[in-house]
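*Asks:* Mind folding the following:
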Amino acid sequence: MTANTQNDSSVASRYQHLLQQLRDEALKVGRDPASILLLAVSKTHGVDRIREAWHAGARDFGENYVQEALEKITALTPKSVSSTATAGPQTDSLAINWHFIGPVQSNKTRDIAGAFDWVHSVDRVKIARRLDEQRPANKAALNVCVQVNLSDEDTKSGVSLAETAALCQEISQMDRLVLRGLMAIPAVSSDYEQQRQTFRPLKELFDELRTRYATMDTLSIGMSGDFPAAIAEGATIIRIGTALFGQRGS
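*Replies:* So this is what the prediction gives:
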């Protein structure tokens, strides 16, 4: 079963429908729905859509493209002004947790380290070190997940299952990063049982690693087409874009 919200009239109604689906799927497999976060993936959608989702209850938003994300973060952060006479219209004061979920390029780490609360897509030590070094001292440590390439696809970022533990060990020793968990984007499949089988090795590795690291509590798996299977396999964050915001422009 996958989300079918494309005919709903608004982001708000889609969001509520998705929350109900999340609850239903969690209860079906004996899990507490409150242990699963719906991350609203707002890439390619404008600030008006983000505001609508926020007013519907979303507080966590995921972005893939650094420059696009920085523009949104700036637009949605209230600006202090020295004179009310010259002040223009102000945006909503939105308390948002920003998650970076796209591939991390070396030349973008400073922007990511400065603007985001989470990075789900750390896949090599070099990137982790740059994020650690460039995280501003006045911000809390950056929450990070290691991205794992479950299907060994050349077109996808991520470390192999075999390399994951070593990268987690490196990150765990960095002062300005907090190792929170694992993330994956598996090969597309419409078969529920196949989806579960693909996720299962990652869940097993996650369970093993969390016995070593007290901060590991996050399994970021599941998107619009496979989140029921992800919930069944232990997802704590599901990343929902199309099923929430629709196709771009819809």
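*Asks:* Now Ala230. Nearest residue, chain neighbours left out?
*Replies:* Gly222 (2.6 Å; Cβ to Cβ, 6 or more residues apart in numbering). Where C-beta positions appear, they are placed from N, C-alpha and C, glycine not excepted.
*Asks:* Now the one you found: which helix or strand?
*Replies:* Assigned by DSSP states H and E, Gly222 belongs to no helix or strand.
*Asks:* does it really touch Ala229, like I thought?
*Replies:* Yes: counting by Cβ atoms under 8 Å, Gly222 touches Ala229, with 7.2 Å between them.
*Asks:* For this protein, which residues score under the pLDDT cut-off?
*Replies:* Low-confidence segments of the chain (pLDDT under 70): 1-8, 78-93, 153-155, 248-250.
*Asks:* go again using 90 as the cut-off
*Replies:* 1-9, 77-94, 151-157, 187, 246-250 (pLDDT under 90).
*Asks:* in it, which spans are strands?
*Replies:* Applying DSSP state E to the chain gives strands spanning 37-41, 60-63, 97-100, 118-122, 142-148, 177-184, 218-220, 237-240.
*Asks:* Number of residues surrounding Leu182?
*Replies:* Residues lying near Leu182 (other Cβ atoms under 10 Å) number 26.
*Asks:* who are the neighbours in contact with it?
*Replies:* 145-148, 164, 202, 205-206, 209, 218-220 (Cβ atoms under 8 Å, 6 or more residues apart in numbering).
*Asks:* Can you name the residues bridging to it?
*Replies:* Val146, Leu219 (DSSP bridges).
*Asks:* Can you tell me how far it is from Pro201?
*Replies:* Distance from Leu182 to Pro201, counting by Cβ to Cβ, to the nearest Å: 11 Å.
*Asks:* mind checking how far Trp98 is from Lys72?
*Replies:* 9 Å.
*Asks:* Equivalent analysis for Val29, please.
*Replies:* 34 Å.
*Asks:* Between the two, point out the one with more neighbours.
*Replies:* Counted by other Cβ under 10 Å, Val29 and Lys72 do not tie: Lys72 has more neighbours, with 21 against 11.
*Asks:* thinking the more buried one is in contact with Arg49, fair?
*Replies:* No: at 10.0 Å, Lys72 does not count as touching Arg49 under the criterion of Cβ under 8 Å.
*Asks:* List the residues that are in contact with both of these two.
*Replies:* Ser42.
*Asks:* Please list all residues in contact with Met223.
*Replies:* 41, 185, 230, 238-241.
*Asks:* so who does the residue nearest to Arg239 when sequence neighbours are not counted touch?
*Replies:* The shortest distance from Arg239 to any non-neighbouring residue, by Cβ to Cβ, 6+ apart, is to Leu39 (4.8 Å). Residues in contact with Leu39 (Cβ under 8 Å, 6+ apart) are 60-62, 99, 101, 220, 237-240.
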